[in-house]
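Undergrad: sequence-free structure coming up:
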Ligand code: GRF
């Protein structure tokens, strides 16, 4: 009998040792949701070991909600106008995230500043995508700002969210050239195509526990070759 129970324990230990627990994510949006769709597509294609528990929006008529529902993903609206403070709103969002047993939160065009209520509860587990090469051009309308400044390259950044705007440790970046004929729309469009690839790659690294935080630096647990393979997909040579 003892031998049998030992075997069962050993077997289950073996299985659980092999098991890669699929991370549960929530995606927070406020609008179009093209990055959200890119994440859902990458999950569906088996490129990201995650499961999307919920797509949550603070804007009731955000077009992205329909795209998520069409993919069979649960959607939830928590309208910020029904709360009297940022903290009160974030407490409602936090309750929904805990209820859905979410491991990782992906901000994807979520046009809200996040309060410490959420940041503390999900410390280093909230990701954001920003359409510029941080720390250059934080904030809003950054494609226009990059053009006005006259930089030759911009791009996009996936980073952890901390208390400061567009500031947390950087996970991955993609570089996108600014072409002589660019205006805000064309540059935004070119960068967006890279955002979609970048966010899925960054999320997969997080889900595979290949990112380790060391102070303000997010260290990638990858060989140079593995990183080069990621980069080869993230370099724009002025196409599109
Ligand atoms: C993207 O450019 C993203 O980088 C920024 O807001 C935009 C959202 O686009 N934070 P979408 O809603 O994902 O299409």
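TA: Ah, there it is. None of the values given here were measured: they were computed from a predicted structure.
Undergrad: Now this structure against the ligand: closest residue?
TA: Going by Cβ to the nearest ligand atom, the ligand is nearest to residue 109 of the chain, at 2.7 Å. Placement of C-beta: from N, CA and C, glycine included.
Undergrad: Tell me how this structure divides into domains.
TA: 22-123, 128-240 (automatic domain parsing).
Undergrad: Distance from the longest one to the middle of the chain?
TA: Pointing back at domain 128-240 there. 11 Å (Cα atoms, centre = their mean, to the nearest Å).
Undergrad: Next one: that domain, is it in contact with the ligand?
TA: Yes. Contact of domain 128-240 with the ligand (Cβ under 6 Å from any ligand atom) involves 129, 130, 131, 192, 195.
Undergrad: out of those residues, who's nearest residue 122?
TA: residue 129 (16.4 Å; Cβ to Cβ).
Undergrad: Am I right that the closest one sits in a helix?
TA: No. Membership of residue 129 in a helix is not supported by DSSP: H, G, I helix; E, B strand; the rest coil, which gives strand.
Undergrad: How many residues are close by it?
TA: For residue 129, the count of nearby residues is 25 (other Cβ atoms under 10 Å).
Undergrad: for it, which residues make a bridge with it?
TA: residue 158 (DSSP bridges).
Undergrad: can you pull the contacts of it?
TA: 35, 107, 108, 156, 157, 158, 195, 198, 199 (Cβ atoms under 8 Å, 6 or more residues apart in numbering).
Undergrad: about what we covered before: from residue 163, how far out is the residue of the chain closest to the ligand?
TA: Using Cβ to Cβ, to the nearest Å, residue 109 is found at 21 Å from residue 163.
Undergrad: follow-up on the earlier one: let me have the domains of the chain in TSV, extended by mean pLDDT.
TA: Formatted as TSV, the domains of the chain follow (pLDDT from 0 to 100):
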stretch	mean pLDDT
domain 22-123	98
domain 128-240	95
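Undergrad: center of the protein - which residue?
TA: The centre of the chain sits closest to residue 106, judged by Cα atoms, centre = their mean, with a distance of 3.8 Å.
Undergrad: Look at it and give its secondary structure.
TA: Once three-state DSSP is applied, residue 106 turns out strand.
Undergrad: what do you get for residue 138?
TA: Of the three states, residue 138 takes coil according to three-state DSSP.
Undergrad: ok, back up a step: between residue 109 and residue 163, which has more neighbouring residues?
TA: It is residue 109, of residue 109 and residue 163, that has more neighbours when counted by other Cβ under 10 Å, with 21 against 12.
Undergrad: I'd assumed residue 59 was in contact with that one.
TA: No. Using Cβ atoms under 8 Å, residue 109 is not in contact with residue 59, being 10.1 Å away.
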